[in-house]
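>>> Next come a sequence and a model predicted from it.
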Amino acid sequence: MTNPPFVRPGTGWPDDPAGPDTPVAHRPEDVAALAADAPTLTELTARQSVCRACPRLVAWRERVAVERRRAYADEPYWGRPIAGWGDERPRVLIVGLAPAAHGGNRTGRIFTGDRSGDWLFASLHRTGLAAIPTSTHAGDGQRLIGTRMVATVRCAPPDNKPTPAERAACRPWLAREVAEVAGGVRSIVALGGYAWQSLWPVLGQAGFGLPRPRPVFGHGAEVELAAPGGHPVRLLGSYHPSQQNTFTGRVTAEMLDAIFTRAAAPTPA
Ligand code: SF4
């Protein structure tokens, strides 16, 4: 029997949340149904990690996993969606756009295995939100402290550009995950303008009180939101630590540290 072009659930990949019996979404309607009735956050992440609802993205993530970049030619690629990862009761929630083809799609962990992730985890470690300064692969000892990371679209898209239909299809995974953790979250960091824009409908669906008009994205933009339980939640905008932004100095280590220091600071009761 030939191997599938992705890691088969429950075959020993470190931190694989899914098993052979995890239900698989094949259509956007399945995503909505499976996100809604997942009994726990653990099961929700397991279901996210085996989703096949977007044909274009499934084909792309599996093609990349087979063709591979030369530097990783001897490594197996994850080739599946990248589920939310980190503390199950976080105070800080970090939201990115989508995983990278040779980063998360290779390592199976969000923001892991690419330059953006290197910058991000180094900053999280400096600001007390990650146990070690690097995140290289599942099972490397990295651990987020009071923090969780999620992507608005969970599969690596061609050219890093998911279509509006793919964003909409994936939204129920994020909306349910945000609703699950909303009781404890005090800060949400949107990494990049796409994540900032994508968050509004999700936060509305999760029961947050939202400002009108919607605040404009920028690095250091800060908005106070009312969580479903009534407590204040600080929404922070951060430029994405993409290679382009870090190479050009648009994003520096100090700028990222300032965002995560602010995210970790206590909010009013
Ligand atoms: S992008 Fe989201 S909805 Fe689409 S296949 Fe990936 S996990 Fe499923």
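That came through, no problem.
>>> can we go C-alpha only for contacts and neighbour counts from here?
Noted.
>>> Quick one: name the residues of the stretch 1-150 of the chain near the ligand.
48, 51, 52, 53, 54, 58, 81 (CA under 6 Å from any ligand atom).
>>> quick one: which of those sit in helices?
Of the positions in those, 48, 58 sit in helices, assigned by DSSP state H.
>>> Indicate the residue of this structure located nearest to the ligand.
residue 170 (3.6 Å; CA to the nearest ligand atom).
>>> I'd like to know which elements the one helix or strand that residue maps to is packed against.
Per DSSP states H and E, residue 170 falls inside helix 164-181. Using 3 or more CA pairs under 8 Å, 6 or more residues apart in numbering; DSSP states H and E, the elements in contact with helix 164-181 are helix 28-36, helix 41-48, helix 193-205.
>>> One more pass at 6 Å, please.
Helices and strands touching helix 164-181, by 3 or more CA pairs under 6 Å, 6 or more residues apart in numbering; DSSP states H and E, are helix 28-36.
>>> hang on, the earlier thing: list the buried residues in the helix holding residue 170.
166-167, 169-181 (16 or more other CA atoms under 10 Å).
>>> Contacts for the next helix-or-strand element following it, please.
Downstream of helix 164-181, the first helix or strand assigned by DSSP H and E is strand 187-191. Strand 187-191 is contacted by residues 92-96, 196, 233-240, 263 when judged by CA atoms under 6 Å, 6 or more residues apart in numbering.
>>> swap in stretch 42-51?
Here stretch 42-51 has contacts from 17, 18, 24, 25, 38, 81, 82, 83, using CA under 6 Å, 6+ apart.
>>> How about stretch 31-40?
Under CA under 6 Å, 6+ apart, the answer for stretch 31-40 is 25, 44, 172, 173.
>>> rerun at 10 Å
23-25, 28-30, 41, 43-48, 51-53, 169-177, 180 (CA atoms under 10 Å, 6 or more residues apart in numbering).
>>> Might you calculate how far it sits from the centre of the chain?
When distances are taken as CA atoms, centre = their mean, to the nearest Å, stretch 31-40 is centred 18 Å away from the chain's centroid.
>>> Buried by neighbour count: which residues of that stretch qualify?
31, 32, 34, 35.
>>> Show the model's pLDDT score for the third one.
Residue 34 carries a pLDDT value of 98.
>>> Verify the assumption that residue 254 is located in a helix.
Yes: assessed with DSSP: H, G, I helix; E, B strand; the rest coil, residue 254 lies in a helix.
>>> OK, contacts around residue 18?
Here residue 18 is in contact with 8-11, 42-50 (CA under 10 Å, 6+ apart).
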